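K.L.:
model the structure of this input:
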Amino acid sequence: MERKRVNWGMIGFFVEMCALTLWVGGLVVIIAVVIPAVFNSFGMEPAGRFLRRVFDGYGYLNLGILLVLSLVAFLRFRTYGRDTSYIFSVMGWEWWLLGGMFVVTMGILGILGPQAVTLQEQAFEAISKEEKDLAYGQFFRLHMIVRALHLVNVGLAFSLFILKLRKTLVHHLADAR
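P.N.:
From the prediction side, this is the model:
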């Protein structure tokens with residue numbers, strides 16, 4: 001009896017799709033469920049500190065997902081190359097999207113995130129109303145940029161998800177003919 005071979009390309013595709021679902025779904029859950037629940041349950045300061053930890057965890061999760069996606073893409077590239085006749089080959093746009101996701105994630109975690117934390121703490125520690133208003137104004141300006149970058153990043157992840165799914169479906173339909 002012949003033993004079935006494991007299709008590592010399919011396993012890699014499954015892992016990638018799960019990772020991208022976690023990336024996109026994670027932000028949707030945070031925005032739609034966690035943020036409203038936290039702000040409706042706690043005051044501004046404890047909610048802000050709690051959500052800062054949530055987004056730090058989400059950022060580190062994204063770094064882990066990027067590591068997995070990059071590793072699987074590298075293994076697929078090593079096995080299948082860029083030959084479009086293979087369903088699991090690596091296309092150039094995958095590298096560009098992964099690179100964009102990495103740059104945005106590192107910008108949030110390494111540059112803008114720590115600056116936002118500093119401004120948030122200054123706003124929480126301010127005594128006078130003028131100091132508080134100024135500190136909150138600075139924090140919210142930077143926070144708007146960080147929020148926009150999170151949305152850009154989830155857009156990149158969703159684009160990668162859709163393009164991978166489309167590539168797989170188009171390839172499957174071509175094979176069916």
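K.L.:
output the contacting helices and strands for the lengthiest helix in the chain.
P.N.:
Ranked by number of residues, the top helix in the chain under DSSP state H is helix 129-176. Using 3 or more Cβ pairs under 8 Å, 6 or more residues apart in numbering; DSSP states H and E, the elements in contact with helix 129-176 are helix 8-29, helix 44-80, helix 92-106, helix 113-125. Every residue, glycine included, has its C-beta placed from N, CA and C.
K.L.:
tell me the mean pLDDT for that helix?
P.N.:
Per-residue pLDDT over helix 129-176 has a mean of 89.
K.L.:
now the residue nearest to Val104 when sequence neighbours are not counted: how far from Gln138?
P.N.:
Leaving aside its sequence neighbours, Val104 sits nearest to Asn153 (Cβ to Cβ, 6 or more residues apart in numbering; 4.5 Å). As judged by Cβ to Cβ, to the nearest Å, Asn153 and Gln138 stand 23 Å apart.
K.L.:
got it, and Leu109?
P.N.:
Counting by Cβ to Cβ, the gap from Leu109 to Gln138 is 20 Å.
K.L.:
over to Gly26?
P.N.:
Distance, Gly26 to Gln138, by Cβ to Cβ: 28 Å.
K.L.:
ditto for Tyr58
P.N.:
Remark: distance between Tyr58 and Gln138 (Cβ to Cβ) = 23 Å.
K.L.:
over to Gly9?
P.N.:
Here Gly9 is placed at a distance of 49 Å from Gln138 (Cβ to Cβ).
K.L.:
what inclination does the helix or strand of the chain at the bottom of the mean pLDDT ranking have with respect to helix 44-80?
P.N.:
Ranking every helix and strand in the chain by mean pLDDT, DSSP states H and E puts helix 129-176 at the bottom, with a mean of 89. Relative orientation of helix 129-176 and helix 44-80, computed by axes from the mean of the first three to the mean of the last three Cα atoms, to 10 degrees: 30 degrees.
K.L.:
now do helix 129-176 and helix 8-29, the angle between them.
P.N.:
Using the same axes, to 10 degrees: helix 129-176 against helix 8-29 is 150 degrees.
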